[in-house]
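Undergrad: Quick check, what structure comes out for this input:
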Amino acid sequence: MSQATTVGVPTPEYSITTSDAESGVLSQAELQSAIETYRKMSASNFPFVLLPHSCSAASLAIQRPMLSQAIGVVTSWKDPAVQSARQEHFLAVLGQRYFVKYERSLDLLQSLLVYFAW
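TA: This is a model prediction of the structure:
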C-alpha cells in the first residue's frame with residue numbers, strides 16, 4: 001500500500017493487513033470521485049461542511065484526513081459492503097485519534113458532523 005496514493009493511512013497502532021478495498025482505505029481517484037459526489041449532496045444534506053471547488057483530493061487527504069474518510073463513508077451508499085468497510089476503518093482511526101491520542105481538531109469535528117448527519 002503506497003502512502004502517497006491512499007487516504008487515511010492508518011497509524012502504527014492500527015495496522016491494516018487486508019487489501020485496500022476490504023480495509024476501507026480510499027485511493028486518490030476514489031476520493032476525487034467521492035468529493036465530487038459530496039459536493040452535489042452537500043448543498044442540501046451537509047450545508048455545515050462545504051468544500052470549495054479548489055479543494056483537490058490530494059490536499060483534502062493531507063489537510064483533513066478524517067474529513068476525507070467521512071466523505072468516503074457517506075458517498076459510498078450505493079455499495080453497502082464498501083461503505084461498511086470504510087465505516088469500520090473510519091471509526092477505528094477516529095477512536096484511536098480521539099480516545100487514545102486525545103486529539104481535538106477541526107478535522108475531527110468536521111468529520112463527525114458529516115458522519116452523524118449521514
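
Undergrad: Need the residues that contact the top helix by length along the chain.
TA: Ordering each helix of the chain by length in residues (DSSP state H) puts helix 28-45 first. Residues outside helix 28-45 that contact it (CB atoms under 8 Å, 6 or more residues apart in numbering): 5-7, 26, 46, 49-51, 53, 55-58, 60-61, 68, 71-72, 74-76, 117-118. C-beta here means a position set from N, CA and C on the backbone, and glycine is covered the same way.

Undergrad: Give me the buried positions along stretch 91-104.
TA: For stretch 91-104, burial by neighbour count (16 or more other CB atoms under 10 Å) applies to A92, V93, L94, Q96, R97.

Undergrad: start to end distance for that stretch?
TA: Taking CA to CA, to the nearest Å, stretch 91-104 runs 15 Å from one end to the other.

Undergrad: mind checking how far that stretch is from the chain centre?
TA: 14 Å (CA atoms, centre = their mean, to the nearest Å).

Undergrad: Let me know the average pLDDT across it.
TA: On average, the pLDDT along stretch 91-104 is 94.

Undergrad: And stretch 62-76, by the same measure?
TA: Rounded mean pLDDT across stretch 62-76 is 94.
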